[in-house]
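# would you be able to build a 3D model of this:
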Amino acid sequence: GASLVCLHPGARWSSRRWPLERFVEIGVAMARRGHRLVVTGSADERELVIALVDGLRQRDVAALDLCGRTSLGSLAALLQDATLLVSNDTGISHVAAAMRTPSVVVASGSDVVRWAPVDTRLHRVVWHDVPCRPCSYRDCPIDHPCARRVEVAHVMAAIDSQASVPTHQDRHAA
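So this is what the prediction gives:
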């Protein structure tokens, strides 16, 4: 069957979130490549997830909404079966690293050198350097240049660079 791509548009602070419409673009591109989409988030990210799922639906792309419906264990199991995670720099990226699921993480505001996953073969971090990084603001006061300057094309290039990553079966054969 089609492989599963997990999109996680949330992060506790809005200053750590890549623009939602760009997650929509990534979802559309991945669906056109034949992947099935699942969207995850915590219960308090409900509005964000609904907006993403609706944005995808408006482009005739279906996505399974699992917002607020996963425990840590079921999230780990979901990621273990996924081909790819695309997320902000937030907790789920660490779960993907633990499950050895390839990921592309958009890092807005955070200290990339400090928090980036150790395995750069499995996990790509996409970010744009700005003088105000690392950021200590919950909500960006200056129009969020660290997030806005990461284009959809940058994230798609990082996804494409993951093509050499072993398949799920290969990852678990060791």
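
# helix, strand, or coil at the closest residue to residue 142 other than its chain neighbours?
Leaving aside its chain neighbours, residue 142 sits nearest to residue 132 (7.2 Å; criterion: Cβ to Cβ, 6 or more residues apart in numbering). Placement of C-beta: from N, CA and C, glycine included. Assigned by DSSP: H, G, I helix; E, B strand; the rest coil, the conformation of residue 132 is coil.

# return the residues in contact with residue 132.
The contact partners of residue 132, by Cβ atoms under 8 Å, 6 or more residues apart in numbering, come to 142, 145, 146.

# switch to 10 Å and redo it
15, 109, 140, 141, 142, 145, 146 (Cβ atoms under 10 Å, 6 or more residues apart in numbering).

# how about residue 8?
Taking Cβ under 10 Å, 6+ apart, one finds 23, 38-42, 45, 48-49, 52, 66-67, 75, 79, 85-88, 90-93, 95-96, 103, 105 in contact with residue 8.

# who's in contact with the closest residue to it other than its chain neighbours?
Leaving out its chain neighbours, the residue that sits closest to residue 8 by Cβ to Cβ, 6+ apart is residue 87, at 3.8 Å. Contacts of residue 87 were listed using Cβ under 10 Å, 6+ apart, and they are 6-11, 18, 23, 40-41, 93, 95-96, 103-106.

# mind checking the SS state of residue 87?
Residue 87 is classified as strand under three-state DSSP.

# what separation is there between residue 156 and residue 13?
According to Cβ to Cβ, to the nearest Å, residue 156 and residue 13 sit 25 Å apart.

# same deal with residue 76?
From residue 76 over to residue 13 the distance is 24 Å, taken as Cβ to Cβ.
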